[in-house]
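[1] heads up, no residue letters with this:
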């Protein structure tokens, strides 16, 4: 069997080992693949692994040997699933591997907004503490998280992990989720979540219903002091309207690890927001070595399951 990894640099920039693939046959790893090179690189492949490379009907029609696509991520919107079914191509993904990392970054954002560590550290390193007449000083307002209300939009594995951390901080929790279960804490309507949350964090899947759900209308229903955290999908947010809302003090702060188009475009409106009102990171919640090791392990298990006729984590 011939296996091709189309964009291996994302999962493994050099600190992991692809050699587990030898158990299944020959393999080749491309760090990155441009759209125009996809067909030529996988034309005679039996199986491919990828993260963000688009696989369309056109690609599948040109690659008749292809029978398996292993998505090295949870999201699989880059794959035309209907076309895969037509061509009898099995598609798998990797759910829940990044729960700990995403929850960790969510609270890193929240902690930074509360403690303003960056602003104070930069001030100290610039010599301001040396010049200060007092033993301490504040460069920005500080916030105590205990007693604040955290709204969680989406209560899957990540939402639950975030809630557990919030409980340790002594925060009040509200949730809005598609499926309310017995252990779902304080389920409320989305309208209530917007109006009562001091901090709103997004952890739902991207669907037609959730796409663009954060816009000027929904932002206007939030507290002017509210913070919005997005470690889910950039497309949840109308970025132009969010940028205006931040500039006009409709909400106070936004932090995100995702944007609508990645890599970021230089004309993205979020780049015009005052720096004290925004934190943006380049999709790194899943990038800790421990997280990627877990991901690669499940990618291999998915492939092994398919080879042995017992596929797991099948999405098509």
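    Sure, I can see it. As the structure is a computational prediction, the values presented were derived from the model and not from experiment.
[2] where exactly do the helices run in the stretch 101-250 of the chain?
    Under the criterion DSSP state H, counting those that start in this stretch, helices of the stretch 101-250 of the chain are mapped to 117-125, 128-131, 157-169, 190-196, 216-219, 239-247.
[3] Minimum distance to residue 88: which of those helices has it?
    Nearest of the helices of the stretch 101-250 of the chain to residue 88, taken as CB to CB: helix 157-169 at 30.9 Å. In this view, the C-beta of every residue, glycine as well, is placed from N, C-alpha and C.
[4] Counting by contacts, list what the closest one packs against.
    The contact analysis (3 or more CB pairs under 8 Å, 6 or more residues apart in numbering; DSSP states H and E) places helix 157-169 against helix 99-115, strand 149-153, strand 172-176.
[5] now the angle from the first one to helix 157-169?
    So the one you mean is helix 99-115. Using axes from the mean of the first three to the mean of the last three CA atoms, to 10 degrees, the direction of helix 99-115 lies 40 degrees away from that of helix 157-169.
[6] ok, back up a step: in a markdown table: the helices of the stretch 101-250 of the chain, plus mean pLDDT and distance to residue 267.
    Formatted as a markdown table, the helices of the stretch 101-250 of the chain follow (pLDDT from 0 to 100; distance: least, CB to CB, whole Å):
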| stretch | mean pLDDT | distance to residue 267 |
| --- | --- | --- |
| helix 117-125 | 96 | 25 |
| helix 128-131 | 98 | 35 |
| helix 157-169 | 98 | 30 |
| helix 190-196 | 98 | 28 |
| helix 216-219 | 98 | 19 |
| helix 239-247 | 98 | 10 |
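[7] Mean neighbour count and distance to residue 230 for the ones you listed - can I get that in CSV?
    Below are the helices of the stretch 101-250 of the chain laid out as CSV (neighbours: other CB atoms under 10 Å; distance: least, CB to CB, whole Å):
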stretch, mean neighbour count, distance to residue 230
helix 117-125, 13, 19
helix 128-131, 10, 32
helix 157-169, 19, 12
helix 190-196, 16, 14
helix 216-219, 17, 12
helix 239-247, 20, 9
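[8] For residue 35, which of these is the nearest?
    Of the helices of the stretch 101-250 of the chain, nearest to residue 35 by CB to CB is helix 239-247, at 23.9 Å.
[9] Surely residue 43 touches residue 63?
    Yes: at 5.5 Å, residue 43 counts as touching residue 63 under the criterion of CB atoms under 8 Å.
[10] Compare those two (neighbour count), which wins?
    residue 63 (23 against 14; other CB atoms under 10 Å).
[11] State the helix or strand in which the more buried one lies.
    For residue 63, there is no enclosing helix or strand under DSSP states H and E.
[12] That one touches residue 42, doesn't it?
    Yes: between residue 63 and residue 42 a contact is recorded at 5.5 Å, counting by CB under 8 Å.
[13] rewinding a little: out of the helices and strands packed on helix 157-169, which one sits most buried?
    strand 149-153 (a mean of 25; mean count of other CB atoms under 10 Å).
[14] Work out the gap between that strand and the centre of the chain.
    Chain-centre distance of strand 149-153: 17 Å, with CA atoms, centre = their mean, to the nearest Å.
[15] Tell me which other helices or strands it touches.
    Short answer (3+ CB pairs under 8 Å, 6+ apart): strand 149-153 packs on helix 157-169, strand 172-176, helix 190-196, strand 199-202.
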